[in-house]
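J.: predicted model and sequence below, questions to follow.
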Amino acid sequence: MEMIKFKIAQLLAAGLDGISEQEIVVMLEYPKDAALGDLSLPCFKLSKQLRKSPPQIAAELKDALEAQPVGQEVIDRIETVSGYLNLFLKQSYLAGHVVPSILSAGERYGAKDIGAGKTVVIDFSSPNIAKPFHVGHLRSTVIGNALYQIHSFLGYQCIGVNHLGDWGTQFGKLIIAYRWWGDERRLEEGAIDELLRLYVKFHEEVEATPELEDEARACFVKMEQGDADVLALWQRFVDISLAEFQKIYDLLGVEFDYFTGESFYNDKMGPVVQELKDKQLLEEDEGAWLVRLDAYQISPALMLKQDGSTLYHTRDVTAALYRKQTYSFDKALYVTDYAQSLHFAQWFKVVELMGYEWAKEELIHVPFGRVSLEGMSLSTRKGNVVKLEDLLEQTIKKVEEIIEEKNPRLENKDEVARQVGVGAVIFNDLSANRIKDIVFSWNEALSFEGETGPYAQYCYARTCSVLRKAGADPAADPASVDSPILAGQFAPSMLQHPAEIKVLKQLALFPERVGQAAIKLEPSVVTRYLIDLAHAFNRFYHDCPILVEDSALRTARLSLVKCVQITLGNGFRLIGLQAPEEM
């Protein structure tokens, strides 16, 4: 629809002095009620500049458009209502534009090169070493991965970084816990579950023995100073954790360009701390060192503890400077929950105060809502977690049961169950605006009805089924030499049914929705779009027989089915879903 909007804007600009086509494109709206047109131009913003009333502007634009031969090719009719210019497109023009565009672009439909030559670093997932990958970690992982895919689709060079939580006093706690209560056999058998048990045990014991906190802090100082024995134990915990995490990433289909955790910056923080001192930004406070941010209504950023050990602020500032120097990014996205908003505001300001002006525009926190378990907050310290691996496995098992009940002869049942089960979890997380809190419910996460991932995937499988019944290969390139569109067989005028038109309009919106998702850093824009397209297709499927005898109508409707298949598949890739051809 973007190209059509630009076409309309070009026609309208001819009758509007001093107003650019781009300004008009921004002003054009999609009426919620189809009775008010396919596109609408509110003329109120033009009134002051043109010194005319909105109804008068709308009337004059209507006359000008109707007088243009090009306008007559695009627009079926025009209405003016209370200062609005409502435009009804010619359905044959819409079909003739949308279908060829999708069939020729294929997997690149919706893609753009607006990010060409620009680099985006996306810091996401970032689980803590020695703790289970639980449901709370899912959000950063799937939101970050979607943003990576969306930006890549728009031409950006994306660098995905898993900034592992593998450094800090918590590892001093874990090492002390292992030395006091650890068991080699249990560690071999239980892996990360045993590490969690020890972490919880430490916080239980510290209530009765507060001096354990001092031992833990001293242990971490040894880590930073390079104590070989302590680091060897720490490295073992890291290796155990990474092996567990990789199982989850493999299931989710998520990849990273770099696994550079907090420990990666241990030997890089010294020069940064010195730079802070040289620029007179550090201030001593009872033995600790901090950067005062009172002038910006932000609480101080603590950079060094009394014992000289570093903190999250120190490591994040160092990481940002390293990434800017190494990747020369145009923007760096940090995908974490909104509870960390103050933390990011603090260290973003510290980087800016160091004289790096790029920090103002290029460092971007992408906050998201937190997850609670039926209203109860998740807490690793208390051992109150739902392991993501358990959730995924149970979801896959449920899908397997549904397949056995409804389609026991399905080929590759295990693979389809994995694709649909994992897709259900991802889609459930991305279906709402990212800033909203989520009360995690097993029933909702495992639902396969309504506006869910399985519903959208089933719609995709249905398009494949229709194409197979028509004798076409669902995986075939739509731009191949035997494609109806290239053979000149597609007749846009055949698509006139209201259900067909609704599908065409939805298809036309896809490139815009992808762009909006990138601008807003909001994957749910794509997720909601996929549901709208699936709804429109299912209505078309029920209202319009596809494999009819009329060859022209059959070709037109099959072309529309192929367009839906392509667009759903492209949208799935952007949010991390797979597209099973059979369900």
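T.: Structure's in. What do you need?
J.: care to break the protein down by domain?
T.: Following automatic domain parsing, one finds the domains of the chain at 2-89, 413-429+443-575.
J.: so for the last one, what's the average pLDDT?
T.: Domain 413-429+443-575 comes out with an average pLDDT of 91.
J.: can you give me the helices in the stretch 201-350 of the chain?
T.: 211-224, 228-252, 269-278, 312-327, 341-353 (DSSP state H, counting those that start in this stretch).
J.: I meant the stretch 351-500 of the chain, not that one.
T.: Taking DSSP H, counting those that start in this stretch as the criterion, the stretch 351-500 of the chain contains helices spanning 359-362, 388-406, 413-430, 442-445, 453-469, 498-520.
J.: turn these into TSV, including mean neighbour count and distance to V548.
T.: In short, each C-beta sits where N, CA and C put it, glycine included. Shown next, in TSV, are the helices of the stretch 351-500 of the chain (neighbours: other CB atoms under 10 Å; distance: least, CB to CB, whole Å):
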stretch	mean neighbour count	distance to V548
helix 359-362	15	55
helix 388-406	17	28
helix 413-430	23	30
helix 442-445	13	40
helix 453-469	21	12
helix 498-520	20	13
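J.: out of the ones you listed, which is closest to V564?
T.: With CB to CB as the criterion, V564 lies closest to helix 453-469 of the helices of the stretch 351-500 of the chain, at 5.3 Å.
J.: E581: neighbour count?
T.: By other CB atoms under 10 Å, the residues close to E581 number 18.
J.: surely it is within a strand?
T.: No: secondary structure assignment (DSSP: H, G, I helix; E, B strand; the rest coil) places E581 in coil, not in a strand.
J.: shaky segments in this protein?
T.: Residues of the chain meeting the criterion pLDDT under 70: 373-385, 442, 445-446, 479-488.
J.: find the centremost residue of it, please.
T.: With distances taken as CA atoms, centre = their mean, the residue of the chain nearest its centroid is A146 (3.0 Å).
J.: and the nearest residue to it once chain neighbours are set aside, how many neighbours does it have?
T.: Nearest residue to A146 in three dimensions, chain neighbours excluded: P523, at 3.7 Å (CB to CB, 6 or more residues apart in numbering). Residues near P523, counting by other CB under 10 Å, number 27.
J.: kindly report the same for the one 4 residues further on.
T.: Other residues near T527 come to 26 when the count uses other CB under 10 Å.
J.: repeat that for A319.
T.: 25.
J.: wait, isn't it in contact with S263?
T.: No: using CB atoms under 8 Å, A319 makes no contact with S263, being 11.2 Å away.
J.: can you tell me how far L574 is from L430?
T.: 10 Å (CB to CB, to the nearest Å).
J.: which neighbours do these two have in common?
T.: Jointly contacting L574 and L430 under the rule CB atoms under 8 Å, 6 or more residues apart in numbering are 146, 523, 526.
J.: with distance to E581 and secondary structure added, can I get the residues you listed in JSON lines?
T.: Formatted as JSON lines, the shared contacts of L574 and L430 follow (distance: CB to CB, whole Å; DSSP: H, G, I helix; E, B strand; the rest coil):
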{"residue": "A146", "distance to E581": "23", "secondary structure": "helix"}
{"residue": "P523", "distance to E581": "24", "secondary structure": "coil"}
{"residue": "V526", "distance to E581": "21", "secondary structure": "helix"}
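J.: and which of those is nearest to V99?
T.: Distance to V99, by CB to CB, is smallest for V526 among the shared contacts of L574 and L430, at 21.4 Å.
J.: quote the end-to-end distance of stretch 14-27.
T.: With CA to CA, to the nearest Å applied, stretch 14-27 spans 16 Å between its terminal residues.
J.: same thing with stretch 263-281?
T.: Start-to-end span of stretch 263-281 (CA to CA) is 24 Å.
J.: contacts for that stretch?
T.: For stretch 263-281, contacts defined as CB under 8 Å, 6+ apart pick out 164, 166-167, 224, 238, 282, 289, 291, 303-304, 310, 314-315, 317-319, 321-322, 350, 353-355.
J.: which of these are buried, as a ChimeraX select command?
T.: Selection of the buried residues among those in ChimeraX, burial being defined by 16 or more other CB atoms under 10 Å:
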select :164,166,167,224,238,282,289,291,303,304,310,314,315,317,318,319,321,350,353,354
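J.: I'd say the residue nearest to the centre of the chain and G571 touch.
T.: No: A146 is beyond contact range of G571, at 10.6 Å (criterion: CB under 8 Å).
J.: which residues are common contacts for these two?
T.: Common neighbours of A146 and G571, counting by CB under 8 Å, 6+ apart, are V526.
J.: any idea which helix or strand comes after the helix or strand encompassing A177?
T.: Using DSSP states H and E, the element containing A177 is helix 169-181. Next along the chain after helix 169-181, taking DSSP H and E as the criterion, comes helix 184-190.
J.: any buried residues in that next one, and which?
T.: Neighbour counts over helix 184-190 (16+ other CB under 10 Å) mark L187 as buried.
J.: quick one: distance of that helix to the chain centre.
T.: On the basis of CA atoms, centre = their mean, to the nearest Å, helix 184-190 sits 37 Å off its chain's mean C-alpha point.
J.: helices and strands around that helix, which ones?
T.: Secondary-structure packing of helix 184-190 (3 or more CB pairs under 8 Å, 6 or more residues apart in numbering; DSSP states H and E): helix 192-205.
J.: one more pass at 10 Å, please.
T.: For helix 184-190, the elements it packs on are helix 192-205, helix 228-252, judged by 3 or more CB pairs under 10 Å, 6 or more residues apart in numbering; DSSP states H and E.
J.: using CSV, lay out these together with distance to L174.
T.: CSV is the format used below for the helices and strands packed on helix 184-190 (distance: least, CB to CB, whole Å):
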stretch, distance to L174
helix 192-205, 6
helix 228-252, 7
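J.: out of the ones you listed, which is closest to A64?
T.: A64 lies closest to helix 228-252 among the helices and strands packed on helix 184-190, at 53.3 Å (CB to CB).
J.: same list (the helices of the stretch 201-350 of the chain) but as TSV, adding distance to E401.
T.: Shown next, in TSV, are the helices of the stretch 201-350 of the chain (distance: least, CB to CB, whole Å):
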stretch	distance to E401
helix 211-224	46
helix 228-252	19
helix 269-278	52
helix 312-327	44
helix 341-353	42
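J.: and of those helices, who's closest to F133?
T.: Taking CB to CB, helix 228-252 is the member of these nearest to F133, at 4.9 Å.
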